[in-house]
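Enquirer: Following is a predicted model, sequence given first.
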Amino acid sequence: MVEDANAVILTFGSYRLGVHGPGADLDTLCIGPSYVNREEDFFYTFHDILASMDEVTELQPVPDAHVPVMKFKFDGISIDLLYASISCLIVPEELDISDVSVLHNIDEPTVRSLNGCRVADQILKLVPNIEYFRTTLRCLKFWAKRRGVYSNVTGFLGGVNWALLVARVCQLYPNAVPSMLVSRFFRVYTQWRWPNPVMLCSIEENELGFSVWHPLRNPRDRSHLMPIITPAYPCMNSSYNVSASTLRVMMEQFQYGNKICEDIELNKVGWSALFVPYVFFEGYKNFLQIDVVAADVDDLRAWKGWVESRLRQLTLMIERDTIGKLQCHPYPREYIDDTRKCSHSAFFMGLQRKQGEVVQEGQQFDIRGTVEAFRHSINMYMFWKPGMDIHVSHIRRRQIPCYVFPDGFKRSRPSRSTVPVENRPKSLQENEVSGTELRGRNIKRKYDDKGVKQDVVLKKHCANPFVESLTPGNYAVSDCQELKSGESTSLTNSEQDELDRRMSPEAGTECGSNSSGVTSVSSEDGSPEYVASVSVAGYVDDSARAVEAMNNSRFDTTYMADSVKLGIGTLASANNEVLQDTLQTHLEVLAFNSFLNFYFFLFFLSTLMYLFCQHKGTLVHVAKALLFSLVLTVYFYC
């Protein structure tokens with residue numbers, strides 16, 4: 001038996017589908033005999049053998065993943081190696097992986113490992129045109145990476161998920177060329193009614209007894225938001241880790257792709273417009289920064305892989321503890337700060353309030369307990385070593401570290417004002433002066449109707465007593481000021497236009513107190529630092545998502561000792577009184593119209609009652625009916 005002992009290596013994923021490219025991971029599956037197990041022989045004995053080989057570098061075992069995997073590089077080629085132990089003493093050289101008999105007497109993790117190869121073979125059998133399928137899949141995988149929605153471990157979609165989605169579109173349009181398949185892909189999945197499943201074939205039942213995806217039979221399957229079912233037995237949901245927040249992000253990106261494809265069909269833009277990278281740090285105002293540190297590079301690689309595999313759990317925990325009112329956008333990319341003395345890696349997660357949610361004054365999202373529970377689960381890592389640590393901190397957009405940007409520094413954002421700088425009023429250009437200097441300049445000389453200058457005092461409705469500095473890109477306190485009622489005054493045309501523009505709803509002016517309290521960010525060694533209160537009044541976001549999400553709310557954040565507390569309050573508008581007066585007048589008109597309608601209705605009803613009683617149609621009876629209806633109308637209206 002020892003002399004005949006062997007194992008078979010098979011490929012799956014992008015390599016088996018024929019859509020791999022330079023730098024792609026090589027997904028492989030090792031099939032061994034029954035007496036070689038995964039827990040001891042593969043992840044310990046075989047791990048030590050690989051570690052002793054000179055060709056193997058960056059060795060990283062992930063035994064607790066949904067599909068246990070060993071990651072490493074062999075002669076510079078990235079390899080993801082899975083292991084499956086089948087019920088045979090000798091593995092046949094010509095093993096038919098698609099035969100159901102290979103699933104006899106094996107456990108669930110082994111089934112999931114074997115299904116990688118089985119699903120890839122089934123996909124190639126079920127698509128009408130393999131070459132068109134491969135070209136379309138290459139295009140959409142590249143698009144997904146550019147738009148930040150390609151990552152199965154983070155809660156988005158991985159390679160097999162995109163392959164199944166593309167294969168279904170190929171089945172719907174069997175004669176379409178790749179350019180049309182790409183366009184139809186976005187059209188189909190923009191209108192897809194999730195959680196209706198995407199299936200390439202019917203779900204197969206078998207006497208082996210393995211659990212298949214069946215929401216009516218399995219209560220756990222009912223919670224899946226974006227089911228994409230694998231075609232090989234046992235049919236499973238390959239996108240089980242998609243959360244409400246990641247589904248929302250992907251649907252937004254599908255709509256973006258559909259809009260671009262419509263413009264391409266109308267010859268408005270070229271195909272390059274579809275692959276414009278998504279600017280993540282311009283889409284949100286609040287972020288969670290997850291810093292991962294370790295003693296050396298090897299420890300960081302293992303520690304970082306463990307943390308990254310658990311990040312989607314943090315998203316689920318935040319959604320659960322806030323009842324879905326706080327939405328998360330985990331970004332599937334790591335960033336490295338080379339200036340740190342220890343080995344470091346960082347992940348970021350965008351935060352925003354759920355759109356359309358009614359916000360009460362002083363309402364807060366306290367996720368300190370959630371973050372602490374997440375850190376506790378992270379520290380349960382079985383391969384933990386001294387020096388491995390994780391820090392979770394809340395930051396605003398202006399606090400984003402420079403190392404996340406391509407050139408190592410944040411580029412200045414262009415001015416949103418359409419008024420030339422030399423023609424703008426001086427009081428509206430003082431965005432970067434201190435609060436003390438700004439308060440000293442709040443008296444401006446204006447002209448009255450007779451051409452005589454009058455002093456106009458600007459009344460501050462959103463003044464923050466804790467203002468210490470105003471950062472570039474944030475409106476100064478004077479942006480939230482209004483004229484004090486008093487003497488007749490007038491503004492110049494340019495000043496009036498600028499003031500109207502700033503106070504209009506489209507400008508996104510925030511006139512409530514919008515200062516952050518004591519905030520903590522990670523220092524160079526990862527420990528929290530105290531940061532004084534600063535003004536963050538009235539920042540206008542370029543992203544449509546952030547404008548819509550934050551238009552009626554704001555975040556007040558307090559973060560202490562690696563815990564996070566998010567608060568949301570309502571915004572006060574500078575022209576609330578005008579809007580209320582207009583609304584009240586409008587409601588009075590509607591009430592008067594309703595009164596007249598009700599009156600004529602009762603008059604008509606009274607006349608019909610009179611005619612029904614067969615009285616003669618004299619003016620006296622009509623007057624009586626009119627008086628009767630008037631009395632009823634006044635009675636019911638009062």
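Expert: Perfect, I can see it now.

Enquirer: Show me what counts as buried in the helix or strand hosting Lys259.
Expert: Remark: Lys259 resides in helix 244-265, with elements defined by DSSP states H and E. Across helix 244-265, burial judged by 16 or more other CB atoms under 10 Å covers 244-250, 252-254, 256-258, 260-261, 264. Heads up, the C-betas are built off the backbone N, CA and C, glycines and all.

Enquirer: Tell me the one of the residues you listed nearest Thr45?
Expert: Closest approach to Thr45 among the buried residues of helix 244-265 (CB to CB): Thr246, at 37.3 Å.

Enquirer: Chain neighbours aside, what residue packs nearest to the closest one?
Expert: Closest residue to Thr246 apart from its sequence neighbours, by CB to CB, 6 or more residues apart in numbering: Gly155 at 4.1 Å.

Enquirer: show me the contacts for Ser85.
Expert: Contact analysis of Ser85 by CB atoms under 8 Å, 6 or more residues apart in numbering lists Ile31, Gly32, Pro33, Ser34, Val36, Asn37, Arg38, Ile106, Thr110.

Enquirer: ok, which stretches of the stretch 151-300 of the chain are strands?
Expert: Counting by DSSP state E, counting those that start in this stretch, the stretch 151-300 of the chain has these strands, from start to end: 286-294.

Enquirer: Going along the chain, name the helices of it.
Expert: Here the stretch 151-300 of the chain has its helices, by DSSP state H, counting those that start in this stretch, at 159-172, 178-190, 244-265, 297-321.

Enquirer: give the contact list for the residue nearest to Ile260 when sequence neighbours are not counted.
Expert: Closest residue in space to Ile260, ignoring its immediate chain neighbours: Leu274 at 4.8 Å, by CB to CB, 6+ apart. Residues in contact with Leu274 (CB under 8 Å, 6+ apart) are Trp143, Val182, Gly257, Ile260, Cys261, Ile264.

Enquirer: Closest to Val404 out of the contacts of Ser85?
Expert: Arg38 (37.6 Å).

Enquirer: What's the local residue count around the closest residue to that closest one other than its chain neighbours?
Expert: Nearest residue to Arg38, sequence neighbours excluded (CB to CB, 6+ apart): Tyr83, at 5.1 Å. The local packing of Tyr83 (other CB atoms under 10 Å) involves 23 other residues.

Enquirer: what about Tyr83, is that helix, strand or coil?
Expert: Three-state assignment for Tyr83 (DSSP: H, G, I helix; E, B strand; the rest coil): strand.

Enquirer: burial count for the nearest residue to Ile290 once chain neighbours are set aside?
Expert: Spatial nearest neighbour of Ile290, excluding adjacent residues (CB to CB, 6+ apart): Phe347 at 4.5 Å. A total of 23 residues lie near Phe347 under the criterion other CB under 10 Å.

Enquirer: just Phe280 next, same as before
Expert: Per other CB under 10 Å, the neighbour tally for Phe280 reads 18.

Enquirer: Mind jotting down where the helices sit in the protein?
Expert: Assigned by DSSP state H, the helices in the chain fall at 14-17, 47-51, 108-126, 130-146, 159-172, 178-190, 244-265, 297-321, 368-378, 435-439, 493-503, 544-550, 576-612, 619-637.

Enquirer: what residues does the third one touch?
Expert: Applying CB under 8 Å, 6+ apart, the external contacts of helix 108-126 come out as 10-13, 16-17, 27, 29, 31, 38, 66-68, 82-86, 97-98, 102-103, 106, 130, 160, 163-164, 167, 171, 200-201, 210, 230-232, 234, 236, 238.
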